[in-house]
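1. A structural model of the following input is requested.
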Amino acid sequence: MPVYMFFAIVFLIAIVLLVFQNTMLVTVHFLNWVSPEISLALVILVTVGAGALLTFLLDSIRYFKIAKRIKELTDTNNELQQELFGLEKKYKLSQEQLEANNNITEVE
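-> The predicted model follows:
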């Protein structure tokens with residue numbers, strides 16, 4: 001099991017324990033907004049969910065940047081392989097021509 005899965009499970013267990021131990025009603029104050037009384041467990045769950053969603057979105061952006069870079073490098077690699085193939089072909093032809101010229105001069 002990967003290490004990150006282990007930490008994710010430990011974090012999940014900690015959140016579940018925190019939620020079950022904090023069921024009292026609270027009022028949330030944010031800037032000028034005041035919420036009605038809601039369960040602290042709900043506040044914790046919404047906060048953890050928002051954090052997880054934000055983390056997922058930021059990681060997705062990083063993933064798409066990496067995927068784009070991989071595609072660019074793969075395309076460049078393919079172009080360079082084609083160029084190398086063409087140069088190897090030219091090299092073989094020039095070697096064959098050189099050998100043919102050497103054979104002609106040896107015969108004369």
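2. Against R69, how distant is the residue nearest to the spatial centre of the chain?
-> Nearest residue to the geometric centre of the chain (C-alpha atoms, centre = their mean): Y63, 3.0 Å. From Y63 across to R69, the span is 11 Å (C-beta to C-beta, to the nearest Å). Every C-beta, even on glycine, is put in place using the N, C-alpha and C of the backbone.
3. do the same with A100
-> 46 Å.
4. And the residue nearest to the centre of the chain, how far from I104?
-> 61 Å.
5. Where does the prediction get shaky in the protein?
-> 1, 106-108 (pLDDT under 70).
6. what residues does the helix or strand harbouring M5 touch?
-> Taking DSSP states H and E as the definition, M5 sits inside helix 3-21. Applying C-beta atoms under 8 Å, 6 or more residues apart in numbering, the external contacts of helix 3-21 come out as 41, 44-45, 48.
7. if you set the cut-off to 10 Å instead, what comes out?
-> 1-2, 39-45, 47-48, 52 (C-beta atoms under 10 Å, 6 or more residues apart in numbering).
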